[in-house]
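Colleague: predicted coordinates and the sequence they were generated for:
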Amino acid sequence: MNSEKIVENARLLAGEDVNVSTNRIPPPEASFMKHPSKLKALQAVAHLTAAERDQNIKTPKNNAFWNQEMGKIQYFICKTLLVGMYLVFGLFRYLQYEYNRMKLRIWNVIYNPSNTPQLIRQDVTKLNKIPRRLAAILEMKSVGSVGGGVKGLMNDGSEVACWTVSAGIKHLILYDFDGILKKNVLEFKQEIKTKLSRYFGPSNVPKFALRIPHKNKVYFSNDDTHKISLEISLLSNRDGRQTIVDLTKTMAELTKSEELQLQDITMKLMDKELTQLVGPEPDLLLYFGPSLDLQGFPPWHLRLTEFHWEQDNDQVTYSIFIRGLHKYSSCKINVGK
Amino acid sequence: MEAETTLSGFSASEWIKNQFSNVIRVSNVAPKHVGFVMDGNRRYAKKMDIEVKEGHEAGYMSMSKVLELCYQAGVETATVFAFSIENFKRSSQEVDNLMQLARERIRQLADKGELAEKYGIRVKVIGDLTLLPKDIYKEVKRTIDQTKNNTRATLNICFPYTGREEMFHSVKELISADVPVDGINESSLEEHLYTGDSPPLDLLVRTSGVSRLSDFMLWQASNKGVVIELIDCLWPEFGPLSMAWILLKFAFRKSFFVKHELKDEVEDNDELMEALPEDKKHL
């Protein structure tokens, strides 16, 4: 830690007259900082410890935490303790990490779809409710690693799409921060087709549609637009806050030209507009990273969404998917009650 | 138990708490803004076979202890979800009870020698205050005025609040303020949120094992990099010890990530590579 910062903080603290306790002592360290000399430093530290003890006896009820300026020695002790705590915690985390990885490996053996929709169907029919809309946050791994790069991301996305079709869920939202799937939508469509034919056989590939709400475009898997078994919305960071900003701008313009009255702007209107611009709220959100990070997912659409992720996992695997569905089937949502 | 700690003044547990928060403070990576969803008071009451009101009381006790630790450890702003707009749907008896409790507690926060004075905390009540009954609104206003000169830390009490209403409020305020359209952007929207003058949210803690945001700080929590901790215990059971663990975890992670980024920078730097001794270049 840079000492300048401590000094600055100390000065700030010294300058403020916050009425924390009546018998406030001037911070001895401050005087030491102004005229640094070894003797004074010693005095300051000695004064500090003595004064502190003194004060605590006088006002046992007042713990006056903010009043204690941290002395050099105390600071050093704290740093040492911090390192010690980090070491212990690090060891614990290492064991926890190994344990979690082992758990994930076992799950991956237990839940293995092996490209057959019937197995997935069997897993899902046991559940008493399934989400109507499913969302998944995907991340692009670095190009060098296994399953990394754009190819890896598209592979993960199409994999999730296959599970979703097999589970009988009609709506899927795929979110990636940078919108890579959106940019490569045609390749992605092809990828999903290939994967689906591996699951369902080349003769009866389920029909699907890829939607990009931001551009208001829909890509159908076939020319036939009827009886679609899966609708996939591709979202990115752009559909989150920025869309709310855009909506605000539009509404501001409309009110300026008096096409929209201020009292007509209601929560209901905003909800309606955002549902149109982005889509409806998902019921379950799957995250395939090690610890939950919503990554700028559209905030308006997270109101009652259930999250599922597994600690220390970094792969898009079926076990996460099916365990998420299990969790959703047992959760109880009571708004406000 | 309460009486014991105040009597001895400098009990062992308090000493440990102070030392621990000092340690977190020197790590320099303590979260600046923490959000709490205090869920599970009613379930706790049911479990312990006590009245719902007492369950809420236990929740308040837990809150004040946890907040104390947070502020000592260097948290600047804490935001607690006390009452959702949706909670008005509960039975009128319970809504009344909750309102009375909140009123008492908010007043108590600003009393002499209590949390607000002890740590120099500015208490802010955020949310759609127009929904509050008049007498409670007055009480709340008084507390806010009483503590408005405190600058060390802030406590935002969400009462009655929902995350969507907050976003809507911000949007509407921007529009009615007649801001030029070019001036509307993410940061101006953010400034008009109820938490606009607080540092960005770093950590969100939710108890009772529910993995939803339930309409709390949607805008803030969806940001990239916000750590969300979902804990499987009821709020009155969530004590300073659990919070200490979360703070340590947070600090550990932040410290680790900083180092990680630095390492990447070094790798990209060719000059540094040249400065390295010959045998280390090919590692």
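Modeller: Nice, thanks for sending it over. Numbers count the residues shown, from 1 in each chain, chains lettered A, B, ... in the order given.
Colleague: alpha carbons only for contacts and neighbour counts from here, please
Modeller: Will do.
Colleague: residues in contact with residue B:166?
Modeller: B:127, B:193, B:194 (CA atoms under 8 Å, 6 or more residues apart in numbering or on different chains).
Colleague: run the last query once more with 6 Å
Modeller: Applying CA atoms under 6 Å, 6 or more residues apart in numbering or on different chains to residue B:166 gives no contacts.
Colleague: so what's the residue count around residue B:93?
Modeller: Each residue near residue B:93 was counted by other CA atoms under 10 Å in any protein chain shown, and the total is 9.
Colleague: check which helix or strand it maps to.
Modeller: Per DSSP states H and E, residue B:93 falls inside helix B:92-109.
Colleague: what's next to that helix, contact-wise?
Modeller: Here helix B:92-109 has contacts from B:115, B:116, using CA under 6 Å, 6+ apart.
Colleague: and what about the nearest residue to residue B:149 once chain neighbours are set aside, helix, strand or coil?
Modeller: Once flanking residues are discounted, residue B:149 sits nearest to residue B:122: 7.0 Å by CA to CA, 6 or more residues apart in numbering or on different chains. Judged by DSSP: H, G, I helix; E, B strand; the rest coil, the three-state class of residue B:122 is strand.
Colleague: would you mind measuring from residue B:122 to residue B:99?
Modeller: Using CA to CA, to the nearest Å, residue B:122 is found at 21 Å from residue B:99.
Colleague: please apply the same query to residue B:120.
Modeller: 25 Å.
Colleague: repeat for residue B:149
Modeller: 26 Å.
Colleague: looking at those two, which is more packed in?
Modeller: residue B:99 (17 against 14).
Colleague: tell me who's in contact with residue A:220.
Modeller: residue A:209.
Colleague: at 8 Å instead, please
Modeller: Here residue A:220 is in contact with A:207, A:208, A:209, A:210 (CA under 8 Å, 6+ apart).
Colleague: grab the nearest non-local neighbour of the residue in chain A positioned nearest to chain B.
Modeller: Going by CA to the nearest CA, chain B is nearest to residue A:295 of chain A, at 3.9 Å. Leaving out its chain neighbours, the residue that sits closest to residue A:295 by CA to CA, 6+ apart is residue B:224, at 3.9 Å.
Colleague: what do you get for residue B:23?
Modeller: Nearest to residue B:23 is residue A:78, by CA to CA, 6+ apart, at 4.9 Å.
Colleague: was I right to think that neighbour contacts residue B:26?
Modeller: Yes. Checked against CA atoms under 8 Å, the pair residue A:78 and residue B:26 is within contact range at 6.8 Å.
Colleague: which residues of chain A score low on pLDDT?
Modeller: A:1-69, A:335-337 (pLDDT under 70).
Colleague: number of residues surrounding residue 126?
Modeller: Chain wasn't specified; assuming chain A. Residue A:126: 10 neighbours (other CA under 10 Å).
Colleague: wait, I meant chain B there
Modeller: For residue B:126, using other CA under 10 Å, the count is 20.
Colleague: kindly report the same for the one 10 residues further on.
Modeller: Counted with other CA under 10 Å, the burial measure for residue B:136 works out to 17 neighbours.
Colleague: what do you get for residue B:131?
Modeller: 13.
Colleague: what sits against it?
Modeller: residue B:160.
Colleague: can you give me the helices for the stretch 1-150 of chain A?
Modeller: Listed in chain order, the helices of the stretch 1-150 of chain A (DSSP state H, counting those that start in this stretch) span A:3-15, A:28-34, A:38-58, A:72-110, A:117-125, A:149-167.
Colleague: what angle do the fifth one and helix A:149-167 make?
Modeller: Right, the one you point to is helix A:117-125. Orientation of helix A:117-125 against helix A:149-167 (axes from the mean of the first three to the mean of the last three CA atoms, to 10 degrees) gives an angle of 60 degrees.
Colleague: now helix A:117-125, how far from the centre of its chain.
Modeller: With CA atoms, centre = their mean, to the nearest Å as the basis, helix A:117-125 stands 29 Å off its chain's centre.
Colleague: would you pull up the residue in chain B closest to chain A?
Modeller: Counting by CA to the nearest CA, chain B gets nearest chain A through residue B:224, at 3.9 Å.
Colleague: report pLDDT for that residue.
Modeller: In this model, residue B:224 is scored at 89, pLDDT.
Colleague: ok, it touching residue A:292?
Modeller: No. Counting by CA under 8 Å, residue B:224 stays clear of residue A:292, with 10.1 Å between them.
Colleague: the more surrounded of these two?
Modeller: Per other CA under 10 Å, whichever of residue B:224 and residue A:292 has more neighbours is residue A:292, with 20 against 15.
Colleague: what's the helix or strand for that one?
Modeller: Here residue A:292 is assigned to no helix or strand, by DSSP H and E.
Colleague: ok, now which ones touch it?
Modeller: A:309, B:227, B:228.
Colleague: filter the residues you listed down to the ones in helices?
Modeller: Among those, none falls in helices (DSSP state H).
Colleague: residue A:290: neighbour count?
Modeller: Neighbours around residue A:290, by other CA under 10 Å: 13.
Colleague: who touches it in this structure?
Modeller: A:309, A:310, A:311, A:312, A:313, A:314.
Colleague: so it: helix, strand or coil?
Modeller: coil.
Colleague: before we move on, back to that, just give me the closest of the contacts of residue A:292 to residue B:35.
Modeller: residue B:228 (9.4 Å; CA to CA).
Colleague: output the set of residues of the stretch 101-250 of chain A in proximity to chain B.
Modeller: For the stretch 101-250 of chain A, the contact set with chain B under CA under 8 Å from any CA of the partner chain comprises A:241, A:242, A:245, A:248, A:249.
Colleague: please pick the buried ones from those residues.
Modeller: A:241, A:245, A:248, A:249 (16 or more other CA atoms under 10 Å in any protein chain shown).
Colleague: can you flag which of those residues belong to helices?
Modeller: Per DSSP H, these map to helices at A:241, A:245, A:248, A:249.
Colleague: quick one, domains of chain A?
Modeller: Following automatic domain parsing, one finds the domains of chain A at A:2-58, A:116-240+A:278-330.
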